[in-house]
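Novice: Compute the structure for the input listed below.
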Amino acid sequence: MNKKYVLFVSLSILVIASLAAGCAQAAPVQTVAPAGQTAEAPTKTVAPPAPNTAFPVTLQDALGRSVTLETAPQRIVVAGKASTLITDALHMFPEAVDRVISYGKGTQTGISFLSVVDPKINDKTGLENTVSAEQIAPLTPDLVIMKDYLKDSLGAPVEALGIKVVYLNLETPETFITDVMTIGQIFGDSKRAEEITSYYQQSVSSVTDPLKNLMPTDKPGVLLLQYTSKGGTVAFNVPPEQWLQTDLINLAGGTPAWLDASNPTGWTTVTLEQIASWKPDMIFIVDYSGKADQVVADLVEDPQWSEMDAVKNGMLYPFPSDFLSWDQPDPRWTLGLAWLAGKIHPAEFAALDIKAEVSQFYKTIYHLDENVINTQILPIVKVY
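Specialist: The predicted model follows:
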C-alpha cells in the first residue's frame, strides 16, 4: 500500500482525535463525575453539542512555532506570495467572510473565485504579492497568515512590528490536513476542521483503495510539466519530489518520471532532450494562466513532440482547472487527484463523473448551493 497514503490516513485520524479531545476539554459535561468518583444521582446526562475551540489557544504552525492567541482573531490579513492558495483554504471556514480583511490581488485565470464565496469582498483590501510589513501595519491586523517560506523575507519584519504571524505550508496532503487543523484553531471552529479533514480522507481513500493491489509494473511512467512563456521564452518545468504535484501522481497510481532531475527547492527547467529521454507513458501539462488546452493543442502539432510515444498514443493531456489549476496546494487538489486517477487507470475508475465530483466538492467545502455551482462554477471548469 502507498506509504504516503498510510501516513495521510494516520495523520487524519490523529487530527480528528485531537480535535475531539480539545472539544471535550473545552466544555465538560457537568453531570459527569471526575475519574475515580461517582456522580450523585444525576437527573440528566445528555451531553451538549461539541463546542468549538476555546480561547486562549496555543497552536503550532507549519514551522513548529508555538503561537498563543488570547482571543479569536477578528482582523486577519493574508499576505505575500501564494496568498490566493491560503485565502481559498481559509474560506473553507464560514468565519473567513467576517474575519479575513485582505486578499491577494491578481488571479491565475483572470476570474475571481472570492467574488463567488465572499459577499464582503468589495469591503476588503487587495494586497500585491510584494506587500511589505509597512504596508500591512496600517490595516491593524491582529493576525497575519502567510506561507512558511516567507518567514525571513516578510514574516520577520511583520513580527518585529509586534504583529502575530502564523505560517502555513499546504504543500502535501499531510501538511494540508495539519494546516486545516491550525485554521480551525484560529477560527475557533474545530467542528468544521473535523468535517473538512473527514472529506479529504474519504476523497483520498476513494482513489487509493481501488489501486491498493497494483504492482509496480502496473504503474505507468508519468511526466507532469509546468509550461511557462515569460518574456516570450517557452520553458517546461518539473516539480520537486516533496511537492503536492508529485504526491498526486503517486497517489493516483503513476510513477513520476522526472525525479532524477528535480530540485527540492522549486520548479526545475528541463530540456526537450530530457523530456524525450524519460520516455513517459503519459504527459500532463500544467499552465497557471489557464490555457493548458491551447498549449497541448500546439504541442501535438509540433514535429519534435509528435515523435514521442505519449503524444502518438494520445496520452498528452492538459491538467484541468476552474478558477485555478487543480494540481496546486489549494483545496482543489482533491479534484486533481480524482481526475488523474481516472486518466492513469481508466478501467478502475470507469464510473467516475468528474463534474459530479466538482459539484460535491463545492457543496461540501464551500457550502455553495446548486444554482451557484451550475451558473458560476461548472461553466468555467476545464476537464479533458
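
Novice: list the contacts for A257?
Specialist: G221, V222, L223, W278, K279, P280 (CB atoms under 8 Å, 6 or more residues apart in numbering). C-beta coordinates here come from the backbone N, C-alpha and C atoms, glycine included.

Novice: Specify the local secondary structure of the residue nearest to R65 when sequence neighbours are not counted.
Specialist: Computed as CB to CB, 6 or more residues apart in numbering, the closest residue to R65 that is not its neighbour in sequence is Y167, at 7.2 Å. Following DSSP: H, G, I helix; E, B strand; the rest coil, the label given to Y167 is strand.

Novice: Y167 touches L143, doesn't it?
Specialist: No: using CB atoms under 8 Å, Y167 is not in contact with L143, being 11.5 Å away.

Novice: give me the number of residues near V166?
Specialist: Residues contacting V166 under the criterion other CB atoms under 10 Å number 26.

Novice: Do a quick rundown of the helices in the stretch 1-150 of the chain.
Specialist: Here the stretch 1-150 of the chain has its helices, by DSSP state H, counting those that start in this stretch, at 3-26, 83-90, 96-99, 114-117, 133-136.

Novice: Now tell me which of these the model trusts least on average.
Specialist: Here the helices of the stretch 1-150 of the chain differ in mean pLDDT, and the lowest is helix 3-26 at a mean of 46.

Novice: Pairing partners for the biggest strand by length in the chain, with directions?
Specialist: Counting residues, the longest strand found in the chain (DSSP state E) is strand 221-228. Using DSSP bridges, the strands paired with strand 221-228 in its sheet are strand 235-238 (antiparallel), strand 255-256 (parallel), strand 282-286 (parallel).

Novice: Could you provide these in a markdown table, with additional columns for distance to R65, mean pLDDT and mean neighbour count?
Specialist: Putting these into a markdown table (distance: least, CB to CB, whole Å; pLDDT from 0 to 100; neighbours: other CB atoms under 10 Å) gives the following:
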| stretch | distance to R65 | mean pLDDT | mean neighbour count |
| --- | --- | --- | --- |
| strand 235-238 | 31 | 98 | 20 |
| strand 255-256 | 32 | 99 | 20 |
| strand 282-286 | 32 | 99 | 24 |
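
Novice: Of these, which is nearest T71?
Specialist: Across the strands paired with strand 221-228, T71 has its closest neighbour in strand 282-286 (41.0 Å, CB to CB).

Novice: Please tell me how far that closest one is from the chain's geometric centre.
Specialist: The chain centroid and the centroid of strand 282-286 are separated by 20 Å under CA atoms, centre = their mean, to the nearest Å.

Novice: now stretch 133-151
Specialist: Offset of stretch 133-151 from its chain centre (CA atoms, centre = their mean): 21 Å.

Novice: end-to-end on that stretch?
Specialist: Start-to-end span of stretch 133-151 (CA to CA, to the nearest Å) is 12 Å.

Novice: thinking again about what came up before, which one of the contacts of A257 is nearest to D179?
Specialist: Proximity of the contacts of A257 to D179 was ranked by CB to CB; the top entry is V222 with 26.4 Å.

Novice: Looking at the strands paired with strand 221-228, which is nearest to E174?
Specialist: Evaluated over those, closeness to E174 peaks at strand 255-256, with 17.4 Å, by CB to CB.

Novice: after the closest one, next one along is what?
Specialist: Toward the C-terminus, strand 255-256 is succeeded by strand 268-270 as the next helix or strand (DSSP states H and E).

Novice: Tell me the buried residues in that next one?
Specialist: Across strand 268-270, burial judged by 16 or more other CB atoms under 10 Å covers T268, V270.

Novice: and the residue nearest to R65, how many neighbours?
Specialist: By other CB under 10 Å, 22 other residues sit near Y167.

Novice: what's near enough to touch it?
Specialist: Y167 neighbours (CB under 8 Å, 6+ apart): D61, A62, L63, R65, I145, M146, K147, D148, L150, K151, G155.

Novice: Next one: L59 relative to A193, how far apart?
Specialist: Going from L59 to A193 by CB to CB, to the nearest Å gives 11 Å.

Novice: shared neighbours of the two, anything?
Specialist: Listed contacts common to L59 and A193 are Q185; contacts here mean CB under 8 Å, 6+ apart.

Novice: neighbour-wise, which of these two wins?
Specialist: Each of L59 and A193 has its neighbours counted (other CB under 10 Å); A193 has more, 28 against 17.

Novice: on that earlier part again, return the members of the contacts of Y167 classed as buried.
Specialist: Listed as buried from the contacts of Y167 are D61, A62, I145, M146, K147, D148, L150, K151, G155; burial here means 16+ other CB under 10 Å.

Novice: With pLDDT and distance to F236 added, can I get the residues you listed in CSV?
Specialist: Output for the buried ones among the contacts of Y167, formatted as CSV (pLDDT from 0 to 100; distance: CB to CB, whole Å):
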residue, pLDDT, distance to F236
D61, 98, 34
A62, 98, 29
I145, 99, 32
M146, 99, 29
K147, 98, 24
D148, 98, 27
L150, 98, 27
K151, 98, 30
G155, 99, 32
